[in-house]
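> Attaching a predicted model along with its sequence, questions to come.
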Amino acid sequence: MKLLVIAPHYDDEALGCGGMLNRLSSSGAEIHVAVMTGKRKTKGLYDNELSNTLRRQSETVKDILGIKKYHIYNLEDEELYQDFSSVRHAIEGIRDEVCPDAILIPGIHDLNQDHVTVHEASMIAFRPATYRRSFNLLAYEVVSATDQSLIPFKPNSFFECSGMNIKAKVTAMEAYLSECYGSRDAHGIISIAKYRGIQSGYEYAEAYQLLISKGDHMK
């Protein structure tokens, strides 16, 4: 199985679906991550030092979660909505390059404009009439973005994770030193995994919204 995570920023792949990535990679899945905003901002200004640091840290995350390749796009951090066509074209390009069986994207109601833009562009790029193959498309939750919206995240799919999968998720998130804080730290990640596990009858789980299903690849 080929799986593509579309991440607005470095760390969204780890925080949103790190448990799933770790489990599926260990069973042979080929995982790709597309990071839309390779150049990050600090206080509204581009921060080359931070951007380079995050890129280096992603190499550590790559090994922890079993990701085959990162595809980095230097689109405008915090301003993706101003260049929607470039976001869509980037996603269509990686779609045609990877030809994934499963696609993971941020939620439509996340309290982050970059997340919303990526969600909307992904839904267009992966319209079943356009992407003519068997695939599943799911939205993941990102603590500090998904949970801050006035419209709650309502999962309809849960993915069972082991304690080792969640430990790998925590370790991956901790590799992004500047991004691991507050509810995004080990305690927050483990607490959410336990809560989603309680909801779904597992010890630990990640929650998703299954948006498009043209085949069952997630077992």
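Great, that's in hand. Residues are numbered from 1 along each chain as shown.

> which residues touch the longest helix seen in the chain?
Of all the segments of type helix in the chain, defined by DSSP state H, the longest one is helix 48-65. The contact list for helix 48-65 (Cβ atoms under 8 Å, 6 or more residues apart in numbering) reads 10-11, 13-14, 18, 21-22, 25, 31, 33, 35, 38-40, 42, 67, 69-70, 72, 168-169, 171-172, 175-179. C-beta coordinates here come from the backbone N, C-alpha and C atoms, glycine included.

> Could you pull out the buried residues of it?
Using 16 or more other Cβ atoms under 10 Å as the test for burial, helix 48-65 gives 50-51, 53-55, 57-58, 61-62, 64-65.

> just stretch 109-116 next, same as before
109-112, 114-116.

> Adding distance to residue 142, write those out as CSV.
Formatted as CSV, the buried residues of stretch 109-116 follow (distance: Cβ to Cβ, whole Å):
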residue, distance to residue 142
109, 11
110, 6
111, 10
112, 8
114, 11
115, 7
116, 12
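
> what about stretch 197-217, average pLDDT?
Mean pLDDT, stretch 197-217: 91.

> Can I get it as CSV, trimmed to CA atoms?
Provided in CSV are the C-alpha atoms of stretch 197-217 (Å, rounded to 0.1, in the frame of the first residue of the first chain):
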residue,chain,number,x,y,z
GLY,A,197,-9.1,4.2,22.4
ILE,A,198,-11.9,4.4,25.0
GLN,A,199,-14.3,5.7,22.3
SER,A,200,-13.4,2.8,20.0
GLY,A,201,-12.7,-0.1,22.3
TYR,A,202,-9.0,-0.2,21.9
GLU,A,203,-6.2,0.6,24.4
TYR,A,204,-4.9,3.4,22.1
ALA,A,205,-6.3,4.8,18.9
GLU,A,206,-6.2,7.7,16.5
ALA,A,207,-9.4,9.3,15.2
TYR,A,208,-10.1,10.1,11.6
GLN,A,209,-12.9,11.3,9.3
LEU,A,210,-13.3,9.0,6.3
LEU,A,211,-14.3,11.4,3.5
ILE,A,212,-14.0,9.3,0.4
SER,A,213,-13.9,5.5,0.2
LYS,A,214,-13.2,3.7,-3.1
GLY,A,215,-11.7,0.5,-1.6
ASP,A,216,-10.5,-0.8,1.7
HIS,A,217,-6.8,-0.3,2.2
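
> Many thanks, I have nothing further to ask.
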